[in-house]
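Colleague: based on what follows, work out the 3D shape:
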Amino acid sequence: MIKNWQKQPLKIGPWLIIFFVLFFCLRAVGLFSPYFGLSKDEALLLNHLPAQETVICENEGDCFLPFSAFVFRLPYFLGLKDSHRIIYWGRTISLLAGMIVLILGYRIVGFLTKKADWPLFFLLVLGLSPQFIFLSRFISPLGLGLPFFLGAIYFLLNQENNKWLYTLLFFLFWGVSWLTSLYLFLPSLFLLLFSLYSLGGAKQKKFFWAIAFLFLGMTGFVWWQSSHIIDFLLLKKVFGFFSDIGFINAINSSRGNEIEFGHPLLARFLYNKLYFLIFWLSNFFGQYSLNKVFSLMEGTGASFLFDNTPMLLIFAPLFVWGLFKSFRLLSRRLAFFTLGFLLLAGISSSLLGSSFNQDAFTLVLLPIAFYISLALSEMAKKKSWLTIFGIFLVINCLISYFKIFDDFRRSDGLPNRKLYQIIRQRQ
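Modeller: Just a heads-up that it's a prediction; the model follows:
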């Protein structure tokens, strides 16, 4: 699958420059303003600055795994004790990571499609999506891990150009992403399995397997140094769906009702551990509901960063159009690769718990953006359609972002805005 992909030169045109300047401004303007307060991840990080844990975790949300816990606390380890300056450092890192995600996304789509306009449309979709903007504006383990995850994909696609160097770089970036965010734990394992499956040549496969076991051993050793891995707290969170008390109570209640009505065998046959599969399938496919991914005014309440859906409403019909068009316009391998990415990333986020986790769903937005960019590429064949779309896109952005910023104002920002103001005043 990867062998015949050729390297595409990076063509820097006026639209590419305009897009990157615009998207940088959307992420950088007001980056350190107390208006937005502190995110829950930032508050968690500040509470564990002096601690020696290699993993910082709570019952809800993402976890700072060894790499992200070290990077975001690096100024403190070097002697900087000002909490607000540590926040500045972390948000600057997140901003740079967010811009690298855009660059890598642009390059990867260029590799996959060998088109000039398609990666530019993909860049437009990612750059304007609220989820990726706010992921770049706050300290987030996922925001730091995404460029390494996409970097691993980039080197995997590019490994034919410099087989041994890019192979080592793939595993290096893969290992870092695996040690950065809990939300990348399962996707990184899926990526590793895909890399071992897709490579050609028996000799190269043996080399990859050897390197894979080496990196698994190294990362496993780092994991073992964490007290959290000993009591399997992180693994419980990765598969949190299976310990969800609501589902367990629902199964027990249904089983008890059947036994009470005189059907003990039926109760044991229907309402057992396998019944989790039915709940999980409902949870899995429920993530892809269009009103959870695209909306104009209503938020999902499922993000720790902001209260809105992850993508703009105007992209919803384009996603559906691009999804159906992909099987006709793409090669069979690329069409199934994209669909597989869409589903595997969804498996990871659905296993975390019974409710929709918008931040963990971020990886799924990448193939969704790919389908949207496919539809935009087809739309671009008629300039009038593209002009009309551009007008509605601007209107959608104005309405959606006014709503997002108004929510910050009316709700007094994030829950920790006052904490952020106190921190700034104490320094």
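Colleague: excluding chain neighbours, what is closest to residue 284?
Modeller: Distances taken as Cβ to Cβ, 6 or more residues apart in numbering put residue 350 closest to residue 284, at 4.2 Å, once the chain neighbours are dropped. C-beta: built from backbone N, CA, C; applies to glycine.
Colleague: go on, residue 357?
Modeller: Nearest to residue 357 is residue 349, by Cβ to Cβ, 6+ apart, at 5.6 Å.
Colleague: would you put the C-alpha positions of the helix or strand hosting the one you found in PDB?
Modeller: Using DSSP states H and E, residue 349 sits in helix 332-350. Output of helix 332-350 as PDB, limited to C-alpha atoms (Å, rounded to 0.1, in the frame of the first residue of the first chain):
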ATOM      1  CA  ARG A 332      -9.800   1.000  -3.400                       C
ATOM      2  CA  ARG A 333      -6.900   0.800  -1.000                       C
ATOM      3  CA  LEU A 334      -7.100   4.500  -0.100                       C
ATOM      4  CA  ALA A 335     -10.900   4.400   0.300                       C
ATOM      5  CA  PHE A 336     -10.700   1.500   2.800                       C
ATOM      6  CA  PHE A 337      -7.700   2.900   4.500                       C
ATOM      7  CA  THR A 338      -9.600   6.200   5.200                       C
ATOM      8  CA  LEU A 339     -12.700   4.300   6.300                       C
ATOM      9  CA  GLY A 340     -10.600   2.100   8.600                       C
ATOM     10  CA  PHE A 341      -9.000   5.100  10.200                       C
ATOM     11  CA  LEU A 342     -12.500   6.600  10.800                       C
ATOM     12  CA  LEU A 343     -13.700   3.500  12.500                       C
ATOM     13  CA  LEU A 344     -10.600   2.500  14.500                       C
ATOM     14  CA  ALA A 345     -10.200   5.900  16.000                       C
ATOM     15  CA  GLY A 346     -13.900   5.800  17.000                       C
ATOM     16  CA  ILE A 347     -13.300   2.400  18.700                       C
ATOM     17  CA  SER A 348     -10.600   4.000  20.900                       C
ATOM     18  CA  SER A 349     -12.800   7.000  22.000                       C
ATOM     19  CA  SER A 350     -15.900   4.800  22.500                       C
END
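Colleague: helices or strands up against that helix?
Modeller: Contact analysis of helix 332-350 by 3 or more Cβ pairs under 8 Å, 6 or more residues apart in numbering; DSSP states H and E lists helix 185-198, helix 275-286, helix 316-329, helix 362-379 as its packing neighbours.
Colleague: could you list every helix and strand in contact with the longest one?
Modeller: Here helix 362-379 touches helix 83-113, helix 118-128, helix 130-135, helix 141-158, strand 311-312, helix 316-329, helix 332-350, helix 383-410, going by 3+ Cβ pairs under 8 Å, 6+ apart.
Colleague: quick check: angle from the longest one to helix 118-128?
Modeller: The reference is to helix 83-113. 160 degrees (axes from the mean of the first three to the mean of the last three Cα atoms, to 10 degrees).
Colleague: so what's the gap between helix 83-113 and the chain middle?
Modeller: Per Cα atoms, centre = their mean, to the nearest Å, the displacement of helix 83-113 from the mean C-alpha position of its chain is 12 Å.
Colleague: tell me the mean pLDDT for it?
Modeller: The predicted model assigns helix 83-113 a mean pLDDT of 91.
Colleague: what helix or strand is the residue lying closest to residue 77 once chain neighbours are set aside on?
Modeller: Nearest in space to residue 77, with sequence neighbours left out and distances taken as Cβ to Cβ, 6+ apart, is residue 70 at 7.8 Å. Residue 70 belongs to helix 66-72 when assigned by DSSP H and E.
Colleague: I'd like the average pLDDT over the next helix or strand along the chain from that helix.
Modeller: Next along the chain after helix 66-72, taking DSSP H and E as the criterion, comes helix 74-77. Mean per-residue pLDDT for helix 74-77: 88.
Colleague: low-confidence regions, the chain specifically.
Modeller: 1-12, 161, 196-276, 296-302, 409-427 (pLDDT under 70).
Colleague: number of nearby residues for residue 29?
Modeller: 9 (other Cβ atoms under 10 Å).
Colleague: how much space is there between it and residue 95?
Modeller: 11 Å (Cβ to Cβ, to the nearest Å).
Colleague: surely the residue nearest to residue 357 is in contact with residue 365?
Modeller: No: between residue 349 and residue 365 there is no contact under Cβ atoms under 8 Å: 10.6 Å.
Colleague: which residue packs closest to residue 123, ignoring adjacent ones?
Modeller: residue 106 (4.8 Å).
Colleague: for the one you found, what are its contacts?
Modeller: Counting by Cβ atoms under 8 Å, 6 or more residues apart in numbering, residue 106 touches 16, 119, 120, 122, 123.
Colleague: so which strand or helix has the first one?
Modeller: Same thing as residue 16. Assigned by DSSP H and E, residue 16 falls in helix 14-28.
Colleague: so the next helix or strand after that helix versus helix 83-113, what angle?
Modeller: With elements assigned by DSSP H and E, the helix or strand that comes after helix 14-28 is helix 40-47. Computed by the same axes, to 10 degrees, the angle separating helix 40-47 from helix 83-113 equals 140 degrees.
Colleague: distance-wise, check the nearest residue to residue 376 once chain neighbours are set aside relative to residue 321.
Modeller: Nearest residue to residue 376 in three dimensions, chain neighbours excluded: residue 121, at 4.0 Å (Cβ to Cβ, 6+ apart). Separation of residue 121 from residue 321 (Cβ to Cβ): 13 Å.
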